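Student: generate coordinates for the sequence data below:
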Amino acid sequence: MSEHTKQTISASSTADIDAIILKAEPSGFGKIPETFKPEVRSIVRRILATVTLTQYSGPLPQSDEIKKYEEVIPGAGNRIIKMAEKQSDHRMNIEKWVIVCQQVQGFSGQICGLVIAIAFLYGAVHVADHGNPVLGGVLGGTTLVALVTIFVLGKRSQQQDLAKKEQPQLTE
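Tutor: Take a look at the predicted model:
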């Protein structure tokens, strides 16, 4: 989501204007300290009276803004809407590929884990068969314990992620 902000300020700029605005009481527009000189108070009043702030969020500007673009450049409204549609299609395409890549990565990780586990279990059997059953048992046992631990921790992590997603999100 994009956020558009429009500000219009009509005043002569001087180095003191920023300091004046900061000193003015932010909660009470129009409450300009009496200690300011009359000409400074006049400038501050003009600034405070002409500040316009329009804020909205979304991929498209508001309809009245599109009409204004259309008045300046015929066809601009249609171009803006097409641009937003293309951006939306692009974003959805990227999200689709991210999901596919995550699935391929997960599957590849499982295959690699299976190959490593089979190799260690084969090594454990081979070591035990060739005269060292204690070492073979330790190698095979630690391999199985590691596999079980990985699966349990992975499942717990998935459950925690799901619980986080189900909690209502507070927005400002």
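Student: what pLDDT is listed against E25?
Tutor: E25 is assigned 45 on the pLDDT scale.
Student: correction: V104
Tutor: In this prediction, V104 carries a pLDDT score of 93.
Student: same deal with Q169?
Tutor: At Q169, pLDDT is 63.
Student: likewise for I9?
Tutor: Taking I9 on its own, its pLDDT is 40.
Student: repeat that for Q62.
Tutor: Per-residue pLDDT puts Q62 at 87.
Student: and for S42?
Tutor: With respect to pLDDT, S42 has a value of 77.
Student: one more: the one 3 residues further on?
Tutor: The pLDDT attached to R45 in the predicted structure is 72.
Student: quick check: the gap between it and E70.
Tutor: 35 Å (CB to CB, to the nearest Å). Bear in mind the C-beta positions are built from the backbone N, C-alpha and C, glycine included.
Student: also K164?
Tutor: For K164, the distance to E70 (CB to CB) stands at 44 Å.
Student: so which of those two has more stuff around it?
Tutor: A side-by-side neighbour count of K164 and E70, using other CB atoms under 10 Å, places E70 first with 15 against 9.
Student: quick check: that one vs P61, distance?
Tutor: Distance from E70 to P61, counting by CB to CB: 11 Å.
Student: can you check which helix is longest in the protein?
Tutor: helix 76-129 (DSSP state H).
Student: what is that one packed up against?
Tutor: In terms of contacts (3 or more CB pairs under 8 Å, 6 or more residues apart in numbering; DSSP states H and E), helix 76-129 is packed against helix 63-72, helix 133-166.
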